[in-house]
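1. would you be able to build a 3D model of this:
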Amino acid sequence: MMVSFTEKRACSRFRIPEALISYQKIRLFGKRTDWIERSCHLYDLSRGGVRFLARESLAMGTKVYLELTYPNKQEPLRLSGIARWISEHEGGPFRFHVGVQFNPYGNRRKHNPVESLNKIIDLEKLYLKP
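-> Numbers count the residues shown, from 1 in each chain. Now for the predicted structure:
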């Protein structure tokens with residue numbers, strides 16, 4: 001029996017070949033831990049979040065600070081968000097899929113800069129396959 005599936009995400013997801021994610025946990029008062037992992041493989045990205053492969057598991061609800069590096073760019077894309085789901089991944093040293101929802105964009109405290117959204121839109125134009 002085939003189960004129908006309706007995509008609930010409003011933003012299209014896309015992949016960037018050779019893109020990597022590094023992340024830190026955000027603690028109380030916005031303090032960040034040391035880097036938990038460097039050079040995790042980006043699985044896909046959208047305006048609203050990111051999925052990446054990780055060696056370590058994160059608890060759902062963990063606040064994170066991310067740096068996304070990708071080919072031909074010197075400066076990483078920096079965003080904060082919250083881990084919304086984690087699942088196991090078969091094979092290799094990267095044992096987990098991690099899904100992070102980005103914090104809103106804007107000028108308020110704990111928001112991501114609007115410039116980050118603009119960079120994601122530019123990347124979307126380059127990498128999103130119709």
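2. look up how far Gln101 lies from the one residue sitting closest to the centre of the chain.
-> Nearest to the mean C-alpha position of the chain, by Cα atoms, centre = their mean, lies Val50 at 2.9 Å. Taking Cβ to Cβ, to the nearest Å as the measure, Val50 falls 9 Å from Gln101. Placement of C-beta: from N, CA and C, glycine included.
3. quickly list what's touching both of these two.
-> Contact criterion Cβ atoms under 8 Å, 6 or more residues apart in numbering; residues shared by Val50 and Gln101: Gly81.
4. tell me if I'm right that Leu128 and Phe14 touch.
-> Yes: contact criterion Cβ atoms under 8 Å: Leu128 and Phe14 qualify, at 4.2 Å.
5. re earlier: and the residue nearest to the centre of the chain, how far from Gly99?
-> 8 Å.
6. before we move on, what about Glu67?
-> Relative to Gly99, Glu67 is positioned 17 Å away (criterion: Cβ to Cβ).
7. who has more neighbours, those two?
-> More crowded of Glu67 and Gly99, by other Cβ atoms under 10 Å: Gly99, with 19 against 16.
8. what sits against the more buried one?
-> So Gly99 contacts 49-51, 83-86 (Cβ under 8 Å, 6+ apart).
9. most neighbours among those residues, which one is it?
-> Ranking the contacts of Gly99 using other Cβ under 10 Å puts Val50 first, with 25 neighbours.
10. show me what the mean pLDDT comes to for the helix or strand that residue falls within.
-> For Val50, the host element (DSSP states H and E) is strand 49-54. For strand 49-54, mean pLDDT is 96.
11. what about this protein, any weak spots by pLDDT?
-> The model of the chain has pLDDT under 70 over residues 1-9.
12. in it, which strand has the most residues?
-> Secondary structure of the chain per DSSP state E: the longest strand is strand 77-88.
13. list the neighbouring strands of that strand plus their orientation.
-> Sheet partners assigned to strand 77-88 using DSSP bridges are listed as strand 63-69 (antiparallel), strand 96-102 (antiparallel).
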